[in-house]
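# this is a predicted model, with the sequence first.
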Amino acid sequence: MTVLITRPAPKGDALASALAERGIASLVQPLLTIAPGSGLPRLGDQLAALQEGDCVIAVSTHAVKMAHTYLTEQHISWPEGVHYLAVGQQTAEVFAQACGQMVAAPQREDSEGLLALPELAQPAQHKVLILRGNGGRELIFETLVERQASVSYCETYARHWLALKGDTLYPEWQQQGVDTLVVTSGQQLAYLVRLLPVQARDWLYGCRLLVPSERIETEARDIGFRHVTMVGSASNAALLTALSTTGITG
C-alpha cells in the first residue's frame, strides 16, 4: 500500500520521511508552492494600528512564517496587548514562538472552532487582522463583520498551483499502488479532482482519503469519495498517527 501526499514542501517531505521510518510507502506530489504574499509591505502599518484588545488571527503556519520573516527583515516587532489567535494547535505553537506571546487556538481546528473562542465572542468596536494566503474561505471575515468588528486581511503568503499533467500522473500512481491520499485543504482537494481525467475518477474516489476537518470531509463525500477519514488536524503528527493506526503497512 502506498500513500500519496499532496501537501507542499517542506511538510510533505517531512511526512514522507516519518512514514518511511514506520515502513509505510509514500509518494510526494505537491499540488502547489508557497511564496511571500502581496500584502506583506502593508503588514507593519496594519499591526501598528492595533490597540489593546484587538486581535490578530493566523489561519496557517505559512501565514505566520511568511509574516514573521518579513517583520524580522524590517526590524518590526509584534505588538503587545492584543489577542493572538490561530485556527489550529500547530499554527498556535508556531505563532507563539514567533510573537513571544500566548496564542489561543480551538480544539476544533477550523474556522467554526476559531469563531467559538471567547476572544471573538464580542469583538464589536475592535480591530481584527487576519493573516492568510491569497483566497480561501470568507467565513471568519463575514462572521466577525456581523459581530461588528472592524476586520481586515493581510495576504502574507501566496499559493501558486503547479501545472501538472493528470493524465500521465494517475497511471503512475496506480502502478505504484497508491490507495491512500493525504489532502490538507479544500482547495487542494478541488484541484486534485480537476487535475485528473474523467476516466480516473472511479479509481480516485475509491482511494482512502485523509482530511483535516469535518468541512472538508463533507466536501469530499459530496464530490464522490467513498472512504474518507477526518483526522481533526492538518499537522503531520496527527496525519502520521492516523496512517500508523489504520492497518496500513509498507
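Thanks, I have it. Numbering: from 1, shown residues only.
# ok, residue 18 - contacts?
By C-beta atoms under 8 Å, 6 or more residues apart in numbering, the contact set of residue 18 is 236, 240. (C-beta placed from N, C-alpha, C; glycine too.)
# distance of it relative to residue 12?
Here the distance between residue 18 and residue 12 works out to 11 Å (C-beta to C-beta, to the nearest Å).
# just residue 26 next, same as before
Distance from residue 26 to residue 12, counting by C-beta to C-beta: 9 Å.
# need the residues touching each of these two.
Common neighbours of residue 26 and residue 12 (C-beta under 8 Å, 6+ apart) are residue 5.
# beyond the longest helix anywhere in the chain, next helix or strand please.
Across the chain, the longest stretch assigned as helix under DSSP state H is helix 61-73. Of the helices and strands lying after helix 61-73 in sequence (DSSP states H and E), the nearest is strand 83-86.
# how many other residues sit next to the nearest residue to residue 235 once chain neighbours are set aside?
Nearest non-adjacent residue to residue 235, counting by C-beta to C-beta, 6 or more residues apart in numbering: residue 90, 4.2 Å away. For residue 90, the count of nearby residues is 20 (other C-beta atoms under 10 Å).
# is it true that residue 90 lies in a helix?
Yes - Residue 90 forms part of a helix when assessed by DSSP: H, G, I helix; E, B strand; the rest coil.
# quick check: it touching residue 61?
Yes - the pair formed by residue 90 and residue 61 meets the contact definition of C-beta atoms under 8 Å, at 6.2 Å.
# residues contacting residue 163?
Listed by C-beta under 8 Å, 6+ apart, residue 163 has no contact partners.
# so it: helix, strand or coil?
Following three-state DSSP, residue 163 is assigned to coil.
# measure it to residue 44 for me?
34 Å.
# before we move on, back to that, show me the contacts for the residue nearest to residue 235.
61, 233, 234, 235, 237.
# buried only: go through the residues you listed for me.
Buried positions within the contacts of residue 90, assessed by neighbour count (16 or more other C-beta atoms under 10 Å), are 61, 233, 234, 235.
# closest one of the residues you listed to residue 245?
residue 233 (14.4 Å; C-beta to C-beta).
# now for the closest one: which residues touch it?
88, 89, 90, 109, 212, 239.
# the same query, at a cut-off of 10 Å, please.
Residues in contact with residue 233, defined by C-beta atoms under 10 Å, 6 or more residues apart in numbering, are 88, 89, 90, 108, 109, 110, 184, 212, 213, 239, 241, 242.
# quickly note the distance from residue 187 to residue 107.
For residue 187 relative to residue 107 (C-beta to C-beta), the value is 24 Å.
# so between the two, which is more surrounded?
Using other C-beta under 10 Å, the more surrounded residue of residue 187 and residue 107 is residue 187, with 18 against 9.
# domain assignment for the protein?
Listed by automatic domain parsing, the domain ranges of the chain are 2-31+164-244, 35-159.
# I figured residue 107 hits residue 87, correct?
No - using C-beta atoms under 10 Å, residue 107 makes no contact with residue 87, being 11.6 Å away.
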